[in-house]
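Engineer: How does the following fold in three dimensions:
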Amino acid sequence: MANTNIKAGMFYGVVGHGTDGYFLMSNGDGSMTWGQASTGPSVTSVTYPGDDTAADPAGGQTVVLTGTGFATSGMTVTIGGTAAPSVAHTSNTQLTITTPAKAAGDYDIVVTNGVTGASGTFVNGISYNGVPTWTTAAGSLGTFESSTTISTITLQATEPDGGTITFNITNGALPTGLSLSGANINGTTTAETSTTLYSFTIEAIDDENQSTPRNFSITVNAAFVNTENFDIVTYTGNGSTQSITSLDFQPDLVLTKSRSFAEKMNVFDSVRGATKRIYTAGTHAEAIQADSLTSFNSNGWSIGAWTDSNTNNATFVSYAFKGGGIPTLNNNTQGTIASTVSANPNAGFSIVKYTGNGGTTQSVGHGLSSAPELVIFKRTNAVANWFVFEKSGASTRRFEGLNTTNASTSDTFFTPSSSTITWTGTTADFNGNTNEYIMYCFHSVDGYQKVGSYVGNGSSGGQTITGLGFNPRFLLVKNATASASWRITDSVRGNNIYLYPNSTNADDSNSGYTSLITDGFRLNGLDSNTSDTFIYLAIA
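Structural biologist: Take a look at the predicted model:
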C-alpha cells in the first residue's frame, strides 16, 4: 500500500509532516496549517465564596470553576441554561465567573470555547440554596440595668430548605457578663459607671455555610448609686452667700430645716424654679424669696443670706433629691390635664406641677414607671393645707396634711396608676379651675426606697422593723391612726434625733426615739403605740 503520510508541499501553505494526533486546519487565505486535536473544555470542581457550600439564588457571587481546556479568550459559561454575567480566564485550568440568579436547586454547568465551539458539561455541578433570612429585627435588642440578670433574648432566622441555623458574633461584642449560646443571649450585666451602648454584628449561618449578617445593639444603664440620687447635707450658716457643693448630682428638690433654732422647713424645686419657696409647717402660698435658694447646680445649690437657711453660725440640714432635671412646660400629656414633670423613674421619684381645669374626674401624668405609693401635695398659688396620700397596700390613706398632726382618713379622691394620678370630683383642693398645684411622688424601689407601714406593739422595749432590703439613711414616719407629728430621722444627724416637718422645732433628741439599723429601723419605746398603724418612707 502506498505511503499515505501527508508531505510538506502537498497542500498550499503546509509546512512539515505533522504529528500523530494533529490535523490540518484551513486558514482564511485558502492555505492550511497543522493544529492539535481538541477534546473541548471540562469542569471538575466548583469553589464557592468563603466557606459556603452553595450559591446564593440572588446571584452576583464570585465562583471559581476548576477544570481543563480553558482558552485564554472566548470562553462562555451557562448555569442551567442561564449565561454567567461575566467570565474571566485565570489559567488554562481555572475560570472565575459571576453567578446568575437562579432558584434553589442543582444545575448543569456548560463551558464553551467560543472559537472552536467545543464545550463540556458538568452535570449538576453547582448548587443554589437560599441564604438565611433574619426574623429578628435589626437595631436595639433592649436596654437593661447594671448588675441585672436579663430575660433571655432569642435570635430567629430561617432558610428556604428549613435547615439548621447557627449564630456567630463577627464584629463588636456583647455587654460584659452576657454571652451568645446557640440562638440565645443570656447572662447578668456588670455595673457600668456610665450608660453604655454595645454594638455588634451577628451572622446567621445555614447548613451550606452561607451567612447573612445583621447589626444589633444592647444598652446597659449606669449602675444605680444611692448617693447619686438622694443625699443628706448638714452645714453651718454664714449670714451671707454660700454654695453647697458636696453632692454627686444636680438636685431637683431641696428641703432645708434649721437644727439649732426654731424655723419652718422650706421647700424648693426645679420645676417651680429657684427662689420660689413653700413651707411644710404652714398653709403659706408660694412666694419669691430672692436671697433664699438662688440656683440648682451640678453638685449642689447656692443660697443667699436668708435667715431661714443661712443664719450666721446656725446649723441646718438639707435633704436633696434628684429628679429628671429642669423640665419644659407641660412636657407630660399622659393625663387629661397636661403637667410639667421632672422624673427619675429609677429612683421612684418625680415632681409634678399642673394647673387645674375645674373638671370632674381629671388625671395628671406623673412620669414614673410604677404607680406612686406616696404623694405629697400642695396648692401653691393660694393659702391651702398640704395633703399626703399613701397607698402602699390595698386601701388609700389621706392626711390633711403635712402641716398638721391629723390622723389619716380613707380616701376616694385619689387613684394612682403606672402613668397618671386621677382626681375624682371637682374639689378646689385638687382641681380647682386655674389653681396651681405641686406634687412630690414616690414609689418603692428594690434596694433603695420603701413606702410601707407597720402596726405598733405598745411595748416599752419598742420593736424592730426590718425587711427594707437596704440600710436606710432617711426615714419619714407618721401615725396614721392617731394625731401625731410627722417625724424625720436621718443617718447624718444621728439616731434618736427627730425633726418635725409640721413644726418649727429645732432638733429634738431622746433615747426613746428611732434608730436606723441594718435592713430597717428600731423604735426605742416611745413610738410603738398599741395597734396604731404607722406609715413610712425610707431611703437608702
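Engineer: just checking, Ile79 touches Lys102?
Structural biologist: Yes - contact criterion Cβ atoms under 8 Å: Ile79 and Lys102 qualify, at 6.4 Å. For glycine as for every other residue, the C-beta is placed from the backbone atoms N, C-alpha and C.
Engineer: More neighbours: which of these two?
Structural biologist: Ile79 (23 against 20; other Cβ atoms under 10 Å).
Engineer: OK, contacts around the more buried one?
Structural biologist: By Cβ atoms under 8 Å, 6 or more residues apart in numbering, the residues touching Ile79 are 99-100, 102, 107-109, 126.
Engineer: The same query, at a cut-off of 10 Å, please.
Structural biologist: 55, 59, 63, 97, 99-102, 107-110, 122, 125-126, 128 (Cβ atoms under 10 Å, 6 or more residues apart in numbering).
Engineer: Thr219 too?
Structural biologist: Thr219 touches 140-144, 175, 192, 195-199, counting by Cβ under 10 Å, 6+ apart.
Engineer: Tell me how far it lies from Val115.
Structural biologist: Remark: distance between Thr219 and Val115 (Cβ to Cβ, to the nearest Å) = 62 Å.
Engineer: Kindly report the same for Leu247.
Structural biologist: 86 Å.
Engineer: re the thing from before, for Ile79 and Lys102, list the residues in contact with both.
Structural biologist: With Cβ under 10 Å, 6+ apart, Ile79 and Lys102 have common neighbours 55, 59, 126, 128.
Engineer: Show me which positions of stretch 125-145 end up buried.
Structural biologist: Judged by neighbour count using 16 or more other Cβ atoms under 10 Å, the buried positions of stretch 125-145 are 125-132, 134, 136, 141, 144.
Engineer: Format the residues you listed as JSON lines; extra columns: distance to Asn299.
Structural biologist: Formatted as JSON lines, the buried residues of stretch 125-145 follow (distance: Cβ to Cβ, whole Å):
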{"residue": "Gly125", "distance to Asn299": "73"}
{"residue": "Ile126", "distance to Asn299": "69"}
{"residue": "Ser127", "distance to Asn299": "66"}
{"residue": "Tyr128", "distance to Asn299": "65"}
{"residue": "Asn129", "distance to Asn299": "62"}
{"residue": "Gly130", "distance to Asn299": "59"}
{"residue": "Val131", "distance to Asn299": "55"}
{"residue": "Pro132", "distance to Asn299": "52"}
{"residue": "Trp134", "distance to Asn299": "46"}
{"residue": "Thr136", "distance to Asn299": "43"}
{"residue": "Leu141", "distance to Asn299": "35"}
{"residue": "Phe144", "distance to Asn299": "28"}
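Engineer: got these as JSON lines, with pLDDT, distance to Gly401 and secondary structure columns?
Structural biologist: Shown next, in JSON lines, are the buried residues of stretch 125-145 (pLDDT from 0 to 100; distance: Cβ to Cβ, whole Å; DSSP: H, G, I helix; E, B strand; the rest coil):
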{"residue": "Gly125", "pLDDT": "96", "distance to Gly401": "87", "secondary structure": "strand"}
{"residue": "Ile126", "pLDDT": "96", "distance to Gly401": "83", "secondary structure": "strand"}
{"residue": "Ser127", "pLDDT": "93", "distance to Gly401": "79", "secondary structure": "strand"}
{"residue": "Tyr128", "pLDDT": "92", "distance to Gly401": "77", "secondary structure": "strand"}
{"residue": "Asn129", "pLDDT": "89", "distance to Gly401": "73", "secondary structure": "coil"}
{"residue": "Gly130", "pLDDT": "85", "distance to Gly401": "69", "secondary structure": "coil"}
{"residue": "Val131", "pLDDT": "87", "distance to Gly401": "67", "secondary structure": "coil"}
{"residue": "Pro132", "pLDDT": "93", "distance to Gly401": "63", "secondary structure": "coil"}
{"residue": "Trp134", "pLDDT": "97", "distance to Gly401": "57", "secondary structure": "strand"}
{"residue": "Thr136", "pLDDT": "98", "distance to Gly401": "52", "secondary structure": "coil"}
{"residue": "Leu141", "pLDDT": "98", "distance to Gly401": "47", "secondary structure": "strand"}
{"residue": "Phe144", "pLDDT": "96", "distance to Gly401": "40", "secondary structure": "strand"}
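Engineer: Would you map the helices across the stretch 401-540 of the chain?
Structural biologist: Taking DSSP state H, counting those that start in this stretch, the helices of the stretch 401-540 of the chain run over residues 428-431.
Engineer: correction: the chain
Structural biologist: For the chain, helices defined by DSSP state H occupy the ranges 307-310, 428-431.
Engineer: list the contacts for Gly467?
Structural biologist: 450, 452, 519-520.
Engineer: so which of these is the most crowded?
Structural biologist: Lys450 (26 neighbours).
Engineer: pretty sure it is touching Ser392, no?
Structural biologist: Yes - the criterion here is Cβ atoms under 10 Å, and Lys450 meets it with Ser392 at 8.6 Å.
Engineer: domains for the protein, by residue range?
Structural biologist: In terms of domains, the chain is parsed into 1-37, 42-128, 133-220, 226-321, 339-442, 449-539 (source: automatic domain parsing).
Engineer: Quick check: the farthest pair among the contacts of Ile79?
Structural biologist: For the contacts of Ile79, the farthest-apart pair by Cβ to Cβ is Ala101 and Phe122; their separation is 19.4 Å.
Engineer: Neighbour count: these two, which is higher?
Structural biologist: Phe122 (19 against 14).
Engineer: Surely that one is in contact with Asp108?
Structural biologist: Yes - in this structure, Phe122 is within contact of Asp108 by Cβ under 10 Å, at 6.7 Å.
Engineer: Find residues that contact each of the two.
Structural biologist: 43, 79.
Engineer: Check Asp411 and give its pLDDT.
Structural biologist: pLDDT recorded at Asp411 is 85.
Engineer: meant to ask about Phe430
Structural biologist: Reported pLDDT at Phe430 in the predicted model: 89.
Engineer: if I look at it, how far off is Asn357?
Structural biologist: 11 Å.
Engineer: and if you look at Tyr48?
Structural biologist: Counting by Cβ to Cβ - Tyr48 and Asn357 are separated by 70 Å.
Engineer: same thing with Glu436?
Structural biologist: 12 Å.
Engineer: Check Ser309 too.
Structural biologist: On the measure of Cβ to Cβ, Ser309 and Asn357 end up 35 Å apart.
Engineer: now do Thr53
Structural biologist: For Thr53, the distance to Asn357 - Cβ to Cβ - is 70 Å.
Engineer: Ok, Tyr454 next?
Structural biologist: From Tyr454 to Asn357 the distance is 39 Å (Cβ to Cβ).
Engineer: Likewise for Lys322?
Structural biologist: On the measure of Cβ to Cβ, Lys322 and Asn357 end up 30 Å apart.
Engineer: Including distance to Pro327, could the domains of the chain go into a markdown table?
Structural biologist: Shown next, in a markdown table, are the domains of the chain (distance: least, Cβ to Cβ, whole Å):
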| stretch | distance to Pro327 |
| --- | --- |
| domain 1-37 | 89 |
| domain 42-128 | 51 |
| domain 133-220 | 20 |
| domain 226-321 | 6 |
| domain 339-442 | 5 |
| domain 449-539 | 21 |
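Engineer: The residue nearest the centre of the chain: what's its closest spatial neighbour, skipping adjacent residues?
Structural biologist: Residue closest to the average C-alpha location in the chain (Cα atoms, centre = their mean): Thr143, at 2.6 Å. The shortest distance from Thr143 to any non-neighbouring residue, by Cβ to Cβ, 6 or more residues apart in numbering, is to Thr219 (4.2 Å).
Engineer: gap between the one you found and Asn168?
Structural biologist: Taking Cβ to Cβ, one finds Thr219 at 22 Å from Asn168.
Engineer: next one: Thr241
Structural biologist: Counting by Cβ to Cβ, the gap from Thr241 to Asn168 is 62 Å.
Engineer: ditto for Ser459
Structural biologist: 65 Å.
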